[in-house]
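1. sequence first, then the predicted structure, then my questions.
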Amino acid sequence: MYSGAFCFEEEEGLAPAAAHRAPAAAPADDQLPAATVAPPPERGPPPALPAPRPLVYVRSDRLAQLSAGLPINRDRSVMTDTLVEDYGLLQDAAVRQAPPASLEQLQGYHSREYLAALAHWDKLSERRRAAYGLEDDCAPFPGLYEHAALTAGGSLAAAEALCAGEARLAVHWDGGRHHAGKGKAAGFCYVNDVVLAILRLLSSFRRVLYLDVDVHHGDAAFLLSPRVLTISLHKAAPGFYPGTGALGAGGEGTGRGFALNLPLGDGLRDNPFLQAVAALAGGAAAAFQPDVVVLQCGVDGLAHDPLAGSWSLTPAAYARAAELAASWGRPLLLLGGGGYCAAAAAATWTGVLAQLLGKAPLPDDIPAEHEYLDRYGPSYTLSAVIKRLLPPDTNDASAVLAACEGLLAELRSALARQARHGGSGAAAAAQQKPDCKRARS
Ligand SMILES: [Zn+2]
């Protein structure tokens, strides 16, 4: 059993990779070499800054590799990134490989002890692992610390792009891990990249609106600051994870009233969902006047999500919700979240991005060169994914009507027959003795 204190010092051989360490602090102005502060030469104006790209898209091939073997979300990361790419949505984007978050960055929210547990879980007893939530749906696995650092690093890089004014839209679909606590993994979330990204945004923006449409309540969100307005639409029911998010305004201290929770019932369809998003989030955005918006776009409210199985949304609902968030005219950080059918999540997030880039609707046929084409069989179309989500109604409307007509015709015949044999309607029926023999059979 491991009993010593954790330590990240490199000389003790327990340090995460060098890239995880915080970047060196910038030198003070008086330490800069003279040439750096000299006035610019007088040979014409400096070159113009490149225009902001419409999209910064953060992905991580290494994270996709680490995630590919996990039983939950198997291949979801790589399927999403490659589908987005194969539909040509990244042609005008600045595409970045997520850097791993530094230890210092991760400690912006998480405890040092917890981060050490992520790095060295294999040295912990089962009891200690359980204390950090590293069991069941958050079971540890080789590469866990790197996975967490890349997850956080991707969302931080996307937030950084907005802070630097490089884009108005920054996307990191591997982010949105809204359940991880300071010192505990929870709900498939090992690191809370949402909180870390919001912290980064707060260094450049005055007010952040955080909209969470995952079917599960974002229970580890920002609660303490009136500079962050959290809006969560989710299912809340006895026994449904995580068991929080009752109707009302939460928040603590000066953040009291800045966390709006709207639980919604089972079977939620697109229209009521969108009406709720427009009414609550739209109204809140108008009142709060955020400077930047974060959308946790977990798609486990899709119909027949294999894990949540609660709501009956289609991909179009998420595309329209994201469009609404973008319509507020603020820089938008778009993160993923839940969504446990990989093909459905990939198709939905690709559709969301197409909508925001003005490239919707996408061609229905999945690009022939797409590596995961077989996951969209047998028709290999986006619409087939949607049809799979909402099982087709096997009732043919005209056939149903014809059957009704047939039954009514039989009834009319029976009534006519009855009338011919002395009496009509209910009176005749009442006089007729029941056929007990047949009734018992
Ligand atoms: Zn969820």
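-> Now that the structure is in, tell me what you want to look at.
2. near the ion, which residues of this structure?
-> Within the chain, the positions adjacent to the ion are 214, 216, 298, 300, 338 by Cβ under 5 Å from the ion. C-beta here means a position set from N, CA and C on the backbone, and glycine is covered the same way.
3. end to end, how far does stretch 240-255 reach?
-> 26 Å (Cα to Cα, to the nearest Å).
4. follow-up on the earlier one: possible to save the residues of the chain next to the ion as a markdown table with secondary structure?
-> Output for the residues of the chain next to the ion, formatted as a markdown table (DSSP: H, G, I helix; E, B strand; the rest coil):
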| residue | secondary structure |
| --- | --- |
| D214 | coil |
| H216 | coil |
| G298 | coil |
| D300 | coil |
| G338 | coil |
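5. with respect to L162, which of those residues is nearest?
-> Closest to L162 out of the residues of the chain next to the ion is G298 (20.2 Å), distances taken as Cβ to Cβ.
6. what's the separation between that closest one and A221?
-> 13 Å (Cβ to Cβ, to the nearest Å).
7. re earlier: dump the residues of the chain next to the ion into TSV; add neighbour count as well.
-> Listed next are the residues of the chain next to the ion as TSV, based on neighbours: other Cβ atoms under 10 Å:
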residue	neighbour count
D214	26
H216	28
G298	26
D300	25
G338	28
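8. could you list every residue that touches the residue in the stretch 51-200 of the chain positioned nearest to the ion?
-> Nearest residue of the stretch 51-200 of the chain to the ion: G187, at 7.0 Å (Cβ to the ion). G187 sits next to 137-138, 179-180, 216, 241-242 when contact means Cβ atoms under 8 Å, 6 or more residues apart in numbering.
9. then L268?
-> Going by Cβ under 8 Å, 6+ apart, L268 touches 235, 301, 310-313.
10. kindly recompute the last result at 10 Å.
-> Each residue near L268 by Cβ atoms under 10 Å, 6 or more residues apart in numbering is listed here: 215, 233, 235, 276, 301, 303, 310-313, 317.
11. secondary structure class of it, three-state.
-> coil.
12. how far away is it from the ion?
-> 14 Å (Cβ to the ion, to the nearest Å).
13. quick revisit: so what sits against both of G298 and A221?
-> With Cβ under 10 Å, 6+ apart as the test, G298 and A221 both reach 178, 212.
14. list the contacts of the closest residue to the ion within the stretch 251-400 of the chain.
-> Nearest residue of the stretch 251-400 of the chain to the ion (Cβ to the ion) works out as G338 at 2.7 Å. G338 makes contacts with 72-73, 176-179, 187-189, 213-216, 296-302, 305, 307-308, 345, as judged by Cβ under 10 Å, 6+ apart.
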